[in-house]
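A.B. asks: Make a model of this:
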Amino acid sequence: MEKGNYTPVAEFFMVGLSNYPELQVFLYVLCLLMYLVILLGNGTLLIITILDPRLHTPMYFFLGNLSFLDICYTSSSIPQMLVNFTSERKSITFIGCALQLVISLGLGSTECLLLAVMAFDRYVAICSPLRYTIIMNRGICIQVASWTWVLGFLIALVQSVLALILPFCENIIDHLACEILALLKLICVDISLNIFIMIIASIILLITPLVFIFFSYVFILSTILRINSTEGRKKAFSTCSAHLTVVILFYGSALFMYMKPKSKDTKLFDEIFGLSYWVFTPMLNPIIYSLRNKEVKEAVEKVLIKNLYLRRM
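C.D. replies: So this is what the prediction gives:
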């Protein structure tokens with residue numbers, strides 16, 4: 001398309017799944033229920049990691065960051081989706097779309113880095129337990145967590161700004177939210193630079209952390225297999241299994257979503273998969289950590305259940 005054939009955009013219309021009006025009510029109820037579960041599950045994890053002194057360790061400090069991140073991530077997209085499911089206009093302002101893009105992309109980028117940091121935490125805890133408190137001291141944990149947020153949002157800001165300053169041919173987004181790939185399809189001019197930046201970002205945020213996590217778990221598994229005690233091996237593996245499950249869910253979905261820049265059309269499958277990517281992983285994270293972690297179960301019982309019971313007495 002020629003550069004002159006563009007329209008100044010004041011708002012966008014999100015028409016993802018609008019061809020299936022019979023699904024709108026079902027999707028609204030489903031997303032609302034799952035969003036409430038996300039808020040309840042991740043909110044509970046965040047509260048107990050703050051209130052229970054036994055969970056004031058690096059592992060749960062990063063888990064608290066992950067829970068807060070998941071709450072913010074879903075809150076950046078799901079409420080707008082709920083509004084659109086019940087609205088005929090299904091619109092969002094240009095500023096609103098820009099904010100949603102930066103926030104959701106920034107939080108997703110941050111989670112990529114945070115999961116790698118959590119893998120390093122497990123590596124140090126199992127492979128160098130005697131040096132764990134020295135290497136993963138509170139100051140280091142705060143600095144590392146802060147840098148994951150800063151780098152995640154910087155990379156997201158670069159991608160978002162480079163896309164939003166370009167001219168748009170239309171303002172109809174064939175998606176459920178203001179997502180970077182869906183927006184790039186509306187741009188009139190050449191987007192080779194945007195695709196190049198996206199590939200670089202994918203290498204930094206997806207491939208590199210995933211390789212780091214893989215080698216971390218190679219060393220972790222090697223160390224666990226050398227533990228003589230069966231109970232010791234079981235305990236060591238249980239501290240890693242929840243994180244490994246979350247990594248597989250998150251990176252598997254993210255690689256499918258973003259490592260295909262040549263895609264031109266937004267298919268029905270992509271839209272539904274994108275919805276599950278925004279909702280299912282943040283919803284499953286607290287469930288996975290609760291089911292696989294005895295300390296979390298005990299903290300929930302101690303901090304929440306007992307406190308609620310005592311208040312009623």
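
A.B. asks: buried ones in the host helix or strand of residue 49?
C.D. replies: For residue 49, the enclosing helix or strand under DSSP states H and E is helix 24-51. Of the residues in helix 24-51, those scored as buried under the neighbour-count criterion (16 or more other CB atoms under 10 Å) are 24, 27-28, 31, 34-35, 37-39, 41-42, 44-49. For every residue, glycine as well, the C-beta is placed using N, CA and C.

A.B. asks: Against which helices or strands is that helix packed?
C.D. replies: Other elements packing on helix 24-51 under the criterion 3 or more CB pairs under 8 Å, 6 or more residues apart in numbering; DSSP states H and E are helix 58-75, helix 78-85, helix 268-292, helix 294-299.

A.B. asks: Can you lay out these as TSV showing mean pLDDT?
C.D. replies: Listed next are the helices and strands packed on helix 24-51 as TSV, based on pLDDT from 0 to 100:
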stretch	mean pLDDT
helix 58-75	92
helix 78-85	86
helix 268-292	73
helix 294-299	71
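
A.B. asks: center of the protein, which residue is that?
C.D. replies: Closest to where the C-alpha atoms of the chain average out (CA atoms, centre = their mean) is residue 108, at 4.3 Å.

A.B. asks: That one: which element?
C.D. replies: helix 94-127.

A.B. asks: Do you know the pLDDT at the nearest residue to residue 220 once chain neighbours are set aside?
C.D. replies: Here the nearest residue to residue 220 in space, its sequence neighbours aside, is residue 126; by CB to CB, 6 or more residues apart in numbering that works out to 5.2 Å. Residue 126 carries a pLDDT value of 89.

A.B. asks: got the contact list for residue 126?
C.D. replies: Shown here is residue 126, whose contacts under the criterion CB atoms under 8 Å, 6 or more residues apart in numbering are 220, 223, 224, 236, 239, 240.

A.B. asks: Looking at the residues you listed, which are in strands?
C.D. replies: Where the contacts of residue 126 are compared with strands, as defined by DSSP state E, there is no overlap at all.

A.B. asks: a markdown table please, covering those and showing pLDDT.
C.D. replies: Putting the contacts of residue 126 into a markdown table (pLDDT from 0 to 100) gives the following:
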| residue | pLDDT |
| --- | --- |
| 220 | 90 |
| 223 | 87 |
| 224 | 85 |
| 236 | 74 |
| 239 | 73 |
| 240 | 80 |
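
A.B. asks: Which one of those is nearest to residue 297?
C.D. replies: Closest approach to residue 297 among the contacts of residue 126 (CB to CB): residue 239, at 14.0 Å.

A.B. asks: So the closest one versus residue 56, what's the distance?
C.D. replies: Applying CB to CB, to the nearest Å, the value for residue 239 to residue 56 is 16 Å.

A.B. asks: same question, residue 193
C.D. replies: Counting by CB to CB, the gap from residue 193 to residue 56 is 45 Å.

A.B. asks: ok, now residue 223?
C.D. replies: Taking CB to CB, one finds residue 223 at 25 Å from residue 56.

A.B. asks: And the two? Which one has more around it.
C.D. replies: Here residue 223 and residue 56 are compared on neighbour count by other CB atoms under 10 Å; more neighbours surround residue 223, at 16 against 13.

A.B. asks: For the more buried one, which non-adjacent residue is spatially closest?
C.D. replies: Using CB to CB, 6+ apart and skipping residues adjacent in sequence, the residue nearest residue 223 is residue 127, 4.9 Å away.

A.B. asks: Just give me the neighbour total for the one you found.
C.D. replies: 15.

A.B. asks: Could you do residue 12 as well?
C.D. replies: So residue 12, with other CB under 10 Å, has 25 neighbours.

A.B. asks: Name the helix or strand for it, please.
C.D. replies: Using DSSP H and E, the secondary-structure element containing residue 12 is strand 11-14.

A.B. asks: Provide the strand pairings for that strand, with the direction of each partner.
C.D. replies: Within its sheet, strand 11-14 is paired with strand 91-93 (antiparallel), strand 172-173 (parallel), according to DSSP bridges.

A.B. asks: from these, which stretch is densest packed?
C.D. replies: Among the strands paired with strand 11-14, judged by mean count of other CB atoms under 10 Å, the one packed with the most neighbours on average is strand 172-173 (a mean of 18).
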